[in-house]
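# turn this into a structure:
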Amino acid sequence: QRWVPEISIRLRPALPGGAADPRGPDTTVLGGSSARLFGCKVGDGATFPRADVKMTVWDADLNSDYCSVELYLVDNMGDCAGQSLASIGGTITTMHYDPVKEVEVELNANLPEYPVKSKTDNMGAYQFDNLPIGARYEVKPRKTHDYLNGVNTLDLVQIQRHILGIKRLEDPYLMIAADADGDEAIRIGDVIELRKLILGISDRLPKLDSWRMVKKNHEMGTRPWPFEEIILHGILRENQNSSDFIAVKVGDVDGSANANMNTMSIQPRNVGVRLSLEDNIVQSGHEIEVTLTAEAFDQVYGMQFTLEHKGLELLSIEGRGIDLTQDHVGKYSNDVTTVSWVSVQGSTIQNGEVVIRMRFKSNITTKLSNALHISSEITSSEAYIGTSMERVGIALETRGLADTKATVKLSQNEPNPWKDHTVIKYELPQSGKVLLTIVDMIGREVFRKEILGVKGDNEYHLKPSDINNQSGIFNYIIEVGDQIIQKKMIALE
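Numbering: from 1, shown residues only. Got it, this is the predicted structure:
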């Protein structure tokens with residue numbers, strides 16, 4: 001339908017003497033229809049949804065001019081079926097190509113029913129179908145939970161070494177991960193925010209989501225900022241199913257984040273740092289100074305742990321052999337304190353020297369060995385040693401009153417290798433609870449059992465079904481109080 005002007009023509013009065021008015025009739029444009037209908041057969045169907053339109057305008061004297069306009073039609077009712085609909089999709093993976101599921105993906109457009117949302121599946125894929133072509137679309141993914149996933153003190157070690165120029169973070173995705181406060185730089189403020197997460201002081205970052213989504217193939221130089229976190233489709237003409245993103249877990253510089261599940265910390269089985277305290281009886285209402293001394297503390301780049309002190313109010317804590325201040329400590333509750341400490345060059349402390357000094361006020365009468373424990377209740381207990389910064393466990397041992405108990409002994413299982421059954425033997429200085437666990441060579445737990453052991457010799461008969469009929473090399477570990485002992489076994493098919 002074209003615009004056709006409605007015109008009024010009126011003759012002018014004759015001039016004196018009967019001559020006609022040389023200006024001719026009085027012509028007035030009254031109006032008309034400015035509408036034009038477009039359908040699925042625009043351009044004989046060959047150019048849909050594009051329509052080439054010539055637009056003409058007139059003035060009162062019927063002078064005209066025109067311009068050519070290229071329109072893109074939006075068939076948001078779907079009347080033109082397959083020729084008017086398209087899809088937008090893609091995948092979201094980590095920099096190591098691990099798919100990231102449960103990412104909320106928002107698709108926005110200048111249409112009444114938008115924005116719409118979807119989530120990535122187990123393969124990290126998302127898809128929006130039946131989209132009217134001719135509209136402009138914006139894809140924006142977000143993942144906002146589980147801030148602590150992959151965040152630990154080893155990340156702080158690497159970030160601080162970058163800041164000090166000891167070892168720079170070269171990968172742009174790792175630089176994005178290190179920017180925890182969103183200021184497009186790596187500074188001490190990032191360390192402060194991440195340490196709050198580790199210590200349990202906060203459960204989220206104030207300025208950022210837990211994951212950043214970077215447009216895949218976005219070109220980044222020596223500095224990754226600014227980077228694109230959305231994908232724009234100007235005028236959708238056909239399917240766009242390669243709208244991919246790289247997901248970066250904020251704070252995870254060491255690559256320990258799990259892309260597809262909530263935080264599940266795998267505790268290190270090898271104890272590489274040992275601290276010792278002298279046991280004592282503390283009286284209710286009294287104050288006591290407690291020192292943790294080194295029993296094994298060689299080239300330690302950092303450590304973190306939860307210190308449980310039931311019935312003991314922590315008055316002060318300071319490093320002696322290490323630079324530990326209140327900035328490295330979080331008060332989670334009256335009975336629980338969290339610690340996260342970093343040494344960018346690695347620290348070695350001789351056996352017997354003081355590492356940490358603390359002062360408590362006791363609200364109960366008890367033995368120190370009953371009240372003080374290092375655990376992973378809030379902050380995972382782990383340390384990073386050697387030039388490779390190997391992740392190891394931390395043990396707190398007692399001496400003095402506790403020396404009256406002998407050491408737990410664990411024997412090699414017999415037979416070894418074994419097929420039908422094997423026997424694990426151990427010796428206890430006194431009756432008590434024993435935790436027996438078996439893990440494979442990548443640290444996955446395949447067996448766990450709490451046993452009430454007796455003083456003297458004990459044994460546990462292990463069957464193939466106990467380890468899910470698996471074969472291979474395994475570590476079997478017994479834990480009695482603060483003592484952890486492990487040995488290797490071989491299970492045959």
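# give the residue spans of the chain that score low on pLDDT.
1-12, 14, 18, 20-51, 70-84, 261-269, 400-406 (pLDDT under 70).
# so for it, the centremost residue is which one?
Residue closest to the average C-alpha location in the chain (C-alpha atoms, centre = their mean): Lys249, at 3.6 Å.
# on the three-state scheme, the nearest residue to it once chain neighbours are set aside is what?
Closest residue in space to Lys249, ignoring its immediate chain neighbours: Ala257 at 4.0 Å, by C-beta to C-beta, 6 or more residues apart in numbering. Placement of C-beta: from N, CA and C, glycine included. With DSSP: H, G, I helix; E, B strand; the rest coil as the basis, Ala257 sits in coil.
# correct me, but Ala257 touches Leu148?
No. Using C-beta atoms under 8 Å, Ala257 is not in contact with Leu148; the gap is 9.6 Å.
# re the thing from before, phi and psi next, for the residue nearest to Lys249.
phi -70, psi 150 (degrees, to the nearest 10).
# and if you look at Asp171?
phi -70, psi 130.
# how far away is the residue lying closest to it once chain neighbours are set aside from Ile442?
Excluding the flanking residues, the one nearest Asp171 by C-beta to C-beta, 6+ apart is Met95, at 7.5 Å. Separation of Met95 from Ile442 (C-beta to C-beta, to the nearest Å) stands at 21 Å.
# what about these two, which has more around it?
Met95 (17 against 6; other C-beta atoms under 10 Å).
# which residues touch the more buried one?
171, 173, 246, 248 (C-beta atoms under 8 Å, 6 or more residues apart in numbering).
# ok, the last one - contacts?
Applying C-beta under 8 Å, 6+ apart, we find Val248 in contact with 94-95, 173, 176-177, 211-214.
# cutoff 7 Å now
173, 176-177, 211-212, 214 (C-beta atoms under 7 Å, 6 or more residues apart in numbering).
# repeat for the second one
When contacts are counted by C-beta under 7 Å, 6+ apart, Tyr173 touches 95, 246, 248.
# in strands, which of those residues fall?
246, 248 (DSSP state E).
# output the contacts of Tyr173 in CSV, with distance to Leu62 appended to each entry.
Below are the contacts of Tyr173 laid out as CSV (distance: C-beta to C-beta, whole Å):
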residue, distance to Leu62
Met95, 66
Ile246, 61
Val248, 64
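# go through the contacts of Tyr173 and say which is closest to Ile192.
Val248 (19.9 Å; C-beta to C-beta).
# partner residues bridging the closest one?
Arg212 (DSSP bridges).
# from one end of stretch 358-370 to the other, what's the distance?
17 Å (C-alpha to C-alpha, to the nearest Å).
# list of residues touching that stretch?
Taking C-beta under 7 Å, 6+ apart as the rule, stretch 358-370 contacts 277, 279-290, 309, 311-317, 398, 401-402.
# in strands, which of those fall?
Using DSSP E, the contacts of stretch 358-370 in strands are 277, 281-282, 287-290, 309, 312-317, 398.
# sorry, back to before: show me which pair in the contacts of Val248 is furthest apart.
Tyr173 and Trp211 (11.7 Å).
# what sits against the nearest residue to Lys463 once chain neighbours are set aside?
Excluding its sequence neighbours, the residue lying closest to Lys463 (C-beta to C-beta, 6+ apart) is His421, at 5.5 Å. Going by C-beta under 7 Å, 6+ apart, His421 touches 461-463.
# closest to Thr379 out of those?
Out of these, the member with the shortest distance to Thr379 (by C-beta to C-beta) is Leu462, at 33.2 Å.
# separation between the closest one and Gly432?
With C-beta to C-beta as the criterion, Leu462 and Gly432 are 21 Å apart.
# which strand is the longest one in the protein?
Every strand in the chain considered (DSSP E), the longest is strand 336-347.
# what are the contacting residues of it?
153, 156-157, 160-161, 164, 166, 195, 198-200, 299-309, 314, 322, 324, 328-332, 377-379.
# which of these fall in helices?
If you go by DSSP state H, those have 153, 156-157, 160-161, 195, 198 in helices.
# and stretch 431-446, how far out from the chain's middle?
For stretch 431-446, the separation from the chain centroid amounts to 28 Å (computed by C-alpha atoms, centre = their mean, to the nearest Å).
# start to end distance for that stretch?
Taking C-alpha to C-alpha, stretch 431-446 runs 26 Å from one end to the other.
# check which residues of it are buried.
434, 436-439 (16 or more other C-beta atoms under 10 Å).
# about what we covered before: who's more crowded, Ala257 and Leu148?
Ala257 (26 against 22).
# what's the local residue count around Leu277?
Neighbours around Leu277, by other C-beta under 10 Å: 20.
# isn't it right up against Thr398?
Yes. In this structure, Leu277 is within contact of Thr398 by C-beta atoms under 7 Å, at 5.8 Å.
# residues contacting the residue nearest to Ile186 when sequence neighbours are not counted?
Once flanking residues are discounted, Ile186 sits nearest to Ala178: 4.8 Å by C-beta to C-beta, 6+ apart. By C-beta under 7 Å, 6+ apart, Ala178 lies in contact with 159, 162, 169, 186, 190, 253.
# check contacts around His461.
For His461, counting by C-beta under 7 Å, 6+ apart, the contacting residues are 421, 423.
# mind doing that once more with 10 Å?
421-424 (C-beta atoms under 10 Å, 6 or more residues apart in numbering).
# how about Ile192, secondary structure?
Criterion first, three-state DSSP; result for Ile192: helix.
# from Pro206, how far out is it?
From Ile192 to Pro206 the distance is 11 Å (C-beta to C-beta).
# what subset of the contacts of stretch 358-370 is buried?
277, 279, 282, 288, 290, 309, 311-312, 314, 317, 398, 402.
# out of those, who's nearest Ile349?
Leu277 (14.8 Å).
# mind listing what that closest one touches?
Neighbours of Leu277 in contact, by C-beta under 10 Å, 6+ apart: 290-293, 356, 358, 368-369, 372, 396-400, 402.
# about what we covered before: which neighbours do Tyr173 and Trp211 have in common?
By C-beta under 10 Å, 6+ apart, the residues touching both Tyr173 and Trp211 are 94, 247-249.
# surely Lys207 touches Glu184?
No. Under the contact definition of C-beta atoms under 10 Å, Lys207 does not touch Glu184, with a separation of 11.4 Å.
# now do Thr348 against Tyr301, distance only.
Counting by C-beta to C-beta, the gap from Thr348 to Tyr301 is 11 Å.
# okay, and the common contacts of the two?
Ile385.
# using TSV, lay out the contacts of His421 together with distance to Lys409 and secondary structure.
Converted to TSV, the contacts of His421 look like this (distance: C-beta to C-beta, whole Å; DSSP: H, G, I helix; E, B strand; the rest coil):
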residue	distance to Lys409	secondary structure
His461	18	strand
Leu462	18	strand
Lys463	24	coil
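# what about the spatially closest residue to Leu85 that is not a sequence neighbour, neighbour count?
Distance criterion C-beta to C-beta, 6+ apart; nearest residue to Leu85, sequence neighbours excluded, is Asn130 at 5.1 Å. Residues contacting Asn130 under the criterion other C-beta under 10 Å number 9.
# what's the helix or strand for Asn130?
strand 125-132 (DSSP states H and E).
# could you say what helices and strands the helix or strand that that strand is followed by packs with?
Sequence-wise, the next helix or strand downstream of strand 125-132 (DSSP H and E) is strand 137-142. When contacts are defined as 3 or more C-beta pairs under 10 Å, 6 or more residues apart in numbering; DSSP states H and E, strand 137-142 packs onto strand 85-93, strand 104-109, strand 116-119, strand 125-132, strand 211-215, strand 231-233, strand 245-249.
# quick one: contacts of the third one?
Which is strand 116-119. Under C-beta under 10 Å, 6+ apart, the answer for strand 116-119 is 89, 101-109, 125-129, 131, 140-143.
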